[in-house]
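Enquirer: Below is the structure, and that's it, no one-letter string:
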Ligand SMILES: NC(=O)C1=CN([C@@H]2O[C@H](COP(=O)(O)OP(=O)(O)OC[C@H]3O[C@@H](n4cnc5c(N)ncnc54)[C@H](O)[C@@H]3O)[C@@H](O)[C@H]2O)C=CC1
Ligand SMILES: CC(=O)C(=O)O
Ligand SMILES: [Mg+2]
């Protein structure tokens, strides 16, 4: 037993409360005190026994999707059991609650929605937003993940079904960083959808309307942020899976107003930078000597490029030298400075020196002689055999990261990249892939996913009470993660620690980012010991408390 908790609910109300429910683990004394006799079968199980039974049931289910649906049922009925499962079997559970399966869950969210979890704030009901947030059930909320569902992984517009993503992200905050589930709140801003399949689906759970745009959309976002700030002045607000047209502008508008960050832009940048720093450190190289092709110029592409640019500047390169190392492409080819309609981030990386040459990916790869290739296009198969073979011809250890999610949208499989590069490439993907057989040895495929960053960053924000999230906190998080790279001690090691170590990773990221937050003056000054204590004191573990009647 963990500790004793005073509980006011009893009977069915207690069993229907996912954070308090223990199912068959209520003791005989608790069954007596809380009027549970007759509502539960007679057996009393331990949490361990419940975990074993749930694992057996999950194993027997026919598909990852079926397992996802069952896990969500467990989450909605008994959160302690859900997190015990995730914590003890993280490697098996992560692909079920997160990428890739969460992608299918979002696509089929209208089929699987059963119980309320989180908030659907829809545009037509915008006048009641304050009242909805005022519900006392949300008094303890410290961290919010919000999406409008327009760019869910590489799967495009999923409308209100995008809710699967905030739910999944927040379950990682709890599993990896120990943030108590009752301090988390997933939110969908339902501003309509342009997904015709959803609009024509009679069972669609969201607002059946094309997406609102322009001033109406901006005013809705403003209303949301104002309502959030009024309700929880110290909340950490995490933006997820917005379209590139909205993601960066929203971040710029609010980053100096409250404690907020965009995970696709900043979290992705930090994990990718960590993986690349690990590769460079192992070979005593400097990033400023590399040439980087970024395939995809949206939230993730621009975010990653900006942080890598900062690494080069920190290494002593001039801005001009550093920028000359980047080639950024989108679906229309290489981004050139004279192209109309560039975002601020794209304009920074746009090439001025690419005259009268084709701008397609193949030509850019050949002429740039890139040594680092990062895929954040959301499009399957763009890293072709020719692209990889050409790269491996001029580069001893090409760094090739197909980071698009879910698995089915990866720019290439690790197996193909290794075959085409004579097993010389340093490969890392966004979604999980099976291990490789390299030189007769099994080699784990690194998952360069922002899940290595945001849980620790959230822990840092809660522990320090930081009022803002600075770019240098993400750089510190990246360096903190890189310091755990297995490649430091073993030349055949991986770039990143395995997902089984995500809790250790979250603590390291939290400490590094928290130290930087102190340095940046966005939180009070704390000693290293104080920071460690504050971080550790937050952690919630999935164990049953003993209940006594209020
Ligand atoms: N591994 C990770 O942690 C993360 C992975 N991602 C993945 O990265 C992908 C992109 O995410 P965002 O940047 O947020 O999306 P976005 O929509 O902001 O940007 C996508 C970019 O890809 C470009 N693109 C589309 N088709 C292309 C083609 N055929 N060739 C070259 N470029 C093409 C688009 O023009 C756009 O610039 C998604 O699949 C997402 O799942 C995103 C965030 C984190
Ligand atoms: C991992 C993530 O945030 C994405 O694919 O959008
Ligand atoms: Mg995302």
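Expert: Good, I have the coordinates. Note that the structure is a prediction, hence the values are computed from the model and not measured. Ligands and ions are numbered 1, 2, ... in the order given.

Enquirer: Just confirm residue 212 is within a strand.
Expert: No - read with DSSP: H, G, I helix; E, B strand; the rest coil, residue 212 is coil and lies in no strand.

Enquirer: these two touch, right, it and residue 123?
Expert: Yes - Residue 212 lies in contact with residue 123 (Cβ atoms under 8 Å); the separation is 5.7 Å. The C-beta positions use only the backbone N, C-alpha and C, and glycine is treated the same way.

Enquirer: who in the stretch 101-250 of the chain is up against ligand 2?
Expert: Residues of the stretch 101-250 of the chain lying near ligand 2 by Cβ under 6 Å from any ligand atom: 153, 241.

Enquirer: who in the stretch 101-250 of the chain is up against ligand 3?
Expert: residue 241 (Cβ under 5 Å from the ion).

Enquirer: shared neighbours of residue 212 and residue 123, anything?
Expert: 191, 192, 220 (Cβ atoms under 8 Å, 6 or more residues apart in numbering).

Enquirer: for stretch 4-11, the distance to its chain's centre please.
Expert: Relative to its chain's centre, stretch 4-11 lies at 34 Å (Cα atoms, centre = their mean, to the nearest Å).

Enquirer: Sort out which residues of that stretch are buried, please.
Expert: Using 16 or more other Cβ atoms under 10 Å as the test for burial, stretch 4-11 gives 7, 10.

Enquirer: Stretch 310-325 too?
Expert: Those would be 310, 311, 312, 317, 322, 323, 325, for stretch 310-325 by 16+ other Cβ under 10 Å.

Enquirer: What of stretch 111-118?
Expert: 112, 113, 117, 118.

Enquirer: and if you look at stretch 199-219?
Expert: Buried, per 16+ other Cβ under 10 Å, within stretch 199-219: 201, 204, 205, 206, 207, 209, 211, 212, 217.

Enquirer: go on, stretch 119-136?
Expert: 119, 120, 121, 122, 123, 126, 129, 133.

Enquirer: tell me which element the second one is part of?
Expert: Assigning secondary structure by DSSP states H and E places residue 120 in strand 119-122.

Enquirer: quick one on the thing from earlier: so which of the buried residues of stretch 199-219 belong to helices?
Expert: residue 217 (DSSP state H).

Enquirer: Show me the domain layout of this structure.
Expert: As given by automatic domain parsing, the domain ranges for the chain are 98-258, 266-451, 452-531.

Enquirer: right, is the second one up against ligand 3?
Expert: No - figure legend: domain 266-451 not in contact with ligand 3 (Cβ under 5 Å from the ion); closest approach 6.8 Å.

Enquirer: Show me how far that domain is from its chain's centre.
Expert: 19 Å.

Enquirer: per-residue confidence for the residue nearest to residue 367 when sequence neighbours are not counted?
Expert: Nearest residue to residue 367 in three dimensions, chain neighbours excluded: residue 357, at 6.9 Å (Cβ to Cβ, 6 or more residues apart in numbering). Looking at residue 357, its pLDDT is 94.

Enquirer: can you start the count at 45 instead of 1 from here on
Expert: Got it, first residue is 45 now, which makes that one residue 401.

Enquirer: is it fair to say residue 401 lies in a strand?
Expert: No - counting by three-state DSSP, residue 401 is not found in a strand; it is coil.

Enquirer: Which strand runs longest in this protein?
Expert: Longest strand in the chain, counting residues (DSSP state E): strand 228-234.

Enquirer: which strands and helices sit next to it?
Expert: Counting contacts by 3 or more Cβ pairs under 8 Å, 6 or more residues apart in numbering; DSSP states H and E, strand 228-234 packs against strand 163-166, strand 187-191, helix 208-221, helix 258-275.

Enquirer: Shouldn't residue 337 be within a strand?
Expert: Yes - according to three-state DSSP, residue 337 belongs to a strand.
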